[in-house]
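Undergrad: Any chance you can model this:
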Amino acid sequence: MQFPSPTRLIRTLVFGVYVALTLILLFAPVASGLPSGYFEWFDKVVHFFLFSGVAGLGYWTVPSITLAALFGVALAGGTELLQGPLTYRSTELWDFLAGGIGAVAGAWVAMALKRSLRGPSVDRDR
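TA: The predicted structure follows:
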């Protein structure tokens, strides 16, 4: 039996903690309305960045841009559906769209960062 590397365990732990904190934020009871001083679409910006983090860390954990983006989009949709029956939360299509777009963007940015940190590829034929 082969055990995962310590690096893989740390990545998985960080990803799991981030997803858990995201779920806590999305399902915690909150007072209705935003405090004064916030713009109307602040909630959508929060969804965008929460799910970009989910997909970005997902790509860091399982290096597949498709799986990372799909997981983030599915989580964004699932949380919106599960918020519907709650009396202190609501289901909004715009929240799902902001989260889904954020997930795709987060996975893409993580992939681009990984490629840029690798540096230029070396041509072995020269």
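Undergrad: hey, which helix is longest across the protein?
TA: When the chain is scanned for its longest helix (criterion: DSSP state H), the result is helix 93-118.
Undergrad: Remind me what it packs against, helices and strands.
TA: helix 42-61, helix 65-83 (3 or more Cβ pairs under 8 Å, 6 or more residues apart in numbering; DSSP states H and E). To be clear about C-beta, it is placed using only N, CA and C from the backbone, and glycine gets the same treatment.
Undergrad: packing partners for the longest one?
TA: If I follow you right, that is helix 42-61. Helices and strands touching helix 42-61, by 3+ Cβ pairs under 8 Å, 6+ apart, are helix 6-27, helix 65-83, helix 93-118.
Undergrad: Just give the closest residue to the residue nearest the centre of the chain, not the sequence neighbours.
TA: Ranked by distance to the mean C-alpha position of the chain (Cα atoms, centre = their mean), the top residue is Val54 at 2.0 Å. The spatial neighbour of Val54 that comes closest, neighbours along the chain excluded (Cβ to Cβ, 6 or more residues apart in numbering), is Gly72 at 4.6 Å.
Undergrad: My understanding was that the one you found contacts Gly99; is that so?
TA: Yes - checked against Cβ atoms under 8 Å, the pair Gly72 and Gly99 is within contact range at 7.4 Å.
Undergrad: circling back to that earlier point, can you tell me which of the helices and strands packed on helix 42-61 is nearest to Val45?
TA: Distance to Val45, taken as Cβ to Cβ, is lowest for helix 93-118 among those, at 7.4 Å.
Undergrad: Now do that closest one, average pLDDT.
TA: Confidence for helix 93-118, expressed as mean pLDDT, is 95.
Undergrad: follow-up on the earlier one: mind checking the helices and strands packed on helix 42-61 for the one nearest to Lys44?
TA: helix 93-118 (4.0 Å).
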